[in-house]
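Colleague: sequence plus predicted model, see below.
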Amino acid sequence: MAIKVDLTREYEALVEAYQREGLDTSLFGDRIAAIIISGDKIIGLNNVPGVEIKGEEIENGVRAEVRIADNVKLPFPIHLCTGYLKSEGYQRVIFDINVGRNSKVKFTSHCIFPYAKDFTHEAITRIKIGEGSSVLYNDEHVHGEGVRMVSKTEAEVGKNARYTGKFTLTKHRAKELKLEMVARLGERAVLELETKVKAVKDDSVEIKEVAYLEGAHSRANLRSTAIAFDRARVNVINEAYGFGDYAKGHVECHEIVKGDADVQTVPLLRVKNDKAELTHEASIGRINEAQLIQLMAKGLTEDEAAELIIKGLLGEW
Amino acid sequence: MLCLRNVEYSQNGRRILRSINMTFRDGISYSILGPNGAGKSTIARILMGELKPTSGQVLLDGEDITDLSITERAKLGISMAWQEPARYEGVTVRDYLTLGGKLKVGEDEIKEVLELVGLPYELYAHRFVDKNLSGGERKRIELASLLLLRPRYAILDEPDSGLDITAGKLIEVILDRFRKCGTTVILITHHEGIALKTDFAYFVCGGRIIRKGLSREVVEYYKNRRCSFAEG
């Protein structure tokens, strides 16, 4: 990995943050295609055969272009690391990702803002996936107490291509989070989105996921899970549009509320093709009584039982 | 010794249980037998503390535990497998069995109980206890969970429902295992064949105890004289 010499300390600080959070530090190895961003600087960049990452430092941030050639099958994920190690400020990152045909890649995106007290992070990601390719995009966050985050992702999923997007913010404060994901699907394209967020204290979370099932036989499954404690506010909007012949979409939102939290979920399904089929499933409220009671009958207190159930919902086991 | 003393239970003005007196002695297996709607599951839920009796007492070794919570009763050694075990998204079978690591048991013990209930460890330990499991699989996991817990009293509410034709054999294996580890089983069932596998039985109908005694005698009575009270 090419590391800018004058930024070695920042690089090491990021690696230390990874170690503290139990994240995989092998992602900084030479075999991994990666871009390492700290603030408005690119402090590390590595390319591997079939993957070309170019970065450009812009005002308050970084713009990066990631190109995956045709027929690339990577044994390791591509590492997109965006760090900000100061407590205050603003950062803007723009990723343009272009995946060729018949390739199979995973992205591990880490946003590391461990000391943030008054920090705004804005991310724009555009992903174009070529015919027959498969992309898994894993987005994990380490936040300090005061992060305002606005993230917008636009994905174009080509014919017979697959996009799986996972966003997790469960172990750290969400504070102010606006997350938007819009995907357009071609013929027989598949979209899977999974979002898991925990909001506490006075956190405010808005999640919007939209799937345009334009291609024939395209499929989408959008799943959001939100846990809201204390005075947190969570609003989840899942939209699916069935345009293509035999397009099939399912949106699912589960929200658990505890304390004075305020949560809402809005599913919107629209079909403009009588061969398309869309469904939705939502639950909102306190933890299911039967789940609690049956664990308590094994000796757990109500709080311990709730913790086990919530950890499961957030995928923390 | 676990007892119900003069337990009555009403709901929305309807009497579900009337003057229920039951005694469960350590080392003996029991069944509570009766048709659907007889009040059997209500008795189980009162024993576990999910429901409070309208009047009467639940006694453990002579101490009144009627007002104790479910968790408090579980800590005293009373546990239960529900007729419809809940599903837990994102919780693996292994995590469920160990209560998220709170129950300190070895991997070999987990393997043993899973295989005892007919679920190969390699295939099931890392599966989620969610809607992708069939009703029968979920039921077997619940039984494995109680086997691992080794409570003093295990209340099994309709343990054979939702299971395939091997259910009878499985119940025998479970009863044998509980017997060996000193657990007193209280088995709720409407199948006389299942009740026959226990030592002692109560025949409940219309919220009343109609007959009690050795299981084979009670089952004989049950077969010949069906419940004549209105259900519930």
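Modeller: Looks like it arrived, so ask away.

Colleague: which helix or strand lies directly C-terminal to whichever strand or helix holds A:Lys196?
Modeller: Here A:Lys196, judged by DSSP states H and E, is contained in strand A:190-199. Counting by DSSP H and E, the element after strand A:190-199 in chain order, helix or strand, is strand A:204-213.

Colleague: in its sheet, what does the next helix or strand after that next one sit against?
Modeller: From strand A:204-213 onward toward the C-terminus, using DSSP H and E, the following helix or strand is strand A:219-228. Sheet pairing here is set by DSSP bridges, and for strand A:219-228 it gives strand A:190-199 (parallel), strand A:248-257 (parallel).

Colleague: quick check: mean pLDDT across strand A:219-228?
Modeller: On average, the pLDDT along strand A:219-228 is 95.

Colleague: got the CA coordinates for that strand in CSV?
Modeller: Taking Å, rounded to 0.1, in the frame of the first residue of the first chain, the C-alpha atoms of strand A:219-228 are listed here in CSV:
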residue,chain,number,x,y,z
ARG,A,219,-36.4,-8.7,-7.7
ALA,A,220,-35.9,-6.6,-4.7
ASN,A,221,-35.9,-7.3,-0.9
LEU,A,222,-35.6,-4.3,1.4
ARG,A,223,-35.2,-5.0,5.1
SER,A,224,-34.8,-2.4,7.8
THR,A,225,-34.5,-3.0,11.5
ALA,A,226,-34.4,-0.1,13.9
ILE,A,227,-34.2,0.0,17.7
ALA,A,228,-35.2,3.2,19.3
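
Colleague: tell me, how many residues neighbour residue 212?
Modeller: Reading this off chain A. Using other CB atoms under 10 Å in any protein chain shown, A:Tyr212 has 23 neighbouring residues. In this view, the C-beta of every residue, glycine as well, is placed from N, C-alpha and C.

Colleague: oops, I was thinking of chain B
Modeller: By the criterion of other CB under 10 Å, B:Lys212 has 19 neighbours.

Colleague: just say helix, strand or coil for it.
Modeller: strand (DSSP: H, G, I helix; E, B strand; the rest coil).

Colleague: residues in contact with the residue most central in space within chain B?
Modeller: Residue closest to the average C-alpha location in chain B (CA atoms, centre = their mean): B:Leu156, at 1.5 Å. Going by CB atoms under 8 Å, 6 or more residues apart in numbering or on different chains, B:Leu156 touches B:Met80, B:Ala81, B:Leu143, B:Leu146, B:Ile174, B:Val185, B:Ile186, B:Leu187, B:Ile188.

Colleague: which of these fall in strands?
Modeller: Taking DSSP state E, the ones among those that sit in strands are B:Met80, B:Ala81, B:Val185, B:Ile186, B:Leu187, B:Ile188.

Colleague: so what does B:Glu172 have for phi and psi?
Modeller: phi -60, psi -50 (degrees, to the nearest 10).

Colleague: measure it to chain A for me?
Modeller: 24 Å (CB to the nearest CB, to the nearest Å).

Colleague: my read is that that residue contacts B:Lys197, right?
Modeller: Yes - B:Glu172 is within contact range of B:Lys197, at 5.8 Å (criterion: CB atoms under 8 Å).

Colleague: state the pLDDT value of the residue nearest to A:Val271 when sequence neighbours are not counted.
Modeller: Of all residues not flanking A:Val271 in the chain, A:Gly242 sits nearest, at 4.1 Å (CB to CB, 6 or more residues apart in numbering or on different chains). The confidence metric pLDDT takes the value 97 at A:Gly242.

Colleague: what about A:Gly242, how many neighbours?
Modeller: A:Gly242 sits with 25 neighbouring residues when counted by other CB under 10 Å.

Colleague: quick check: the gap between it and B:Lys111.
Modeller: Using CB to CB, to the nearest Å, A:Gly242 is found at 46 Å from B:Lys111.

Colleague: what do you get for B:Ser134?
Modeller: B:Ser134 is 21 Å from B:Lys111, by CB to CB.

Colleague: kindly report the same for B:Ile186.
Modeller: From B:Ile186 across to B:Lys111, the span is 27 Å (CB to CB).

Colleague: neighbour-wise, which of these two wins?
Modeller: Legend: neighbour count by other CB under 10 Å for B:Ile186 and B:Lys111, higher for B:Ile186 (26 against 16).

Colleague: so which of B:Glu172 and B:Lys197 has more stuff around it?
Modeller: B:Lys197 (20 against 12).

Colleague: for the residue nearest to A:Val271, name its beta-bridge partners.
Modeller: A:Leu213, A:Val271.

Colleague: does it touch A:Asp274 like I think?
Modeller: No - here A:Gly242 does not reach A:Asp274: they are 9.5 Å apart, not a contact under CB under 8 Å.

Colleague: what parts of the stretch 151-300 of chain A come near chain B?
Modeller: Selection of the stretch 151-300 of chain A residues close to chain B by CB under 8 Å from any CB of the partner chain yields A:His254, A:Asn288, A:Ala290, A:Gln291, A:Ile293, A:Gln294, A:Leu295, A:Met296, A:Ala297, A:Lys298, A:Gly299, A:Leu300.

Colleague: one more time with 10 Å, if that's ok
Modeller: A:196, A:225, A:254, A:288-300 (CB under 10 Å from any CB of the partner chain).

Colleague: pLDDT on stretch A:164-175, on average?
Modeller: Averaged across stretch A:164-175, pLDDT comes to 92.

Colleague: any idea how far the residue lying closest to B:Thr92 once chain neighbours are set aside lies from chain A?
Modeller: Using CB to CB, 6+ apart and skipping the chain neighbours, the partner closest in space to B:Thr92 is B:His126 (5.3 Å). Distance, B:His126 to chain A, by CB to the nearest CB: 10 Å.

Colleague: roughly how far does B:His126 sit from A:Glu316?
Modeller: Counting by CB to CB, the gap from B:His126 to A:Glu316 is 15 Å.

Colleague: name whatever forms a beta bridge with the closest residue to chain B within the stretch 51-200 of chain A.
Modeller: For the stretch 51-200 of chain A, the residue closest to chain B is A:Lys196, as judged by CB to the nearest CB, at 9.2 Å. Bridge pairing for A:Lys196 (DSSP bridges) gives the partners A:Thr168, A:Thr225.

Colleague: so what's it up against?
Modeller: Residues near A:Lys196 by CB atoms under 10 Å, 6 or more residues apart in numbering or on different chains: A:166-170, A:223-227, A:254, A:313-316, B:90.
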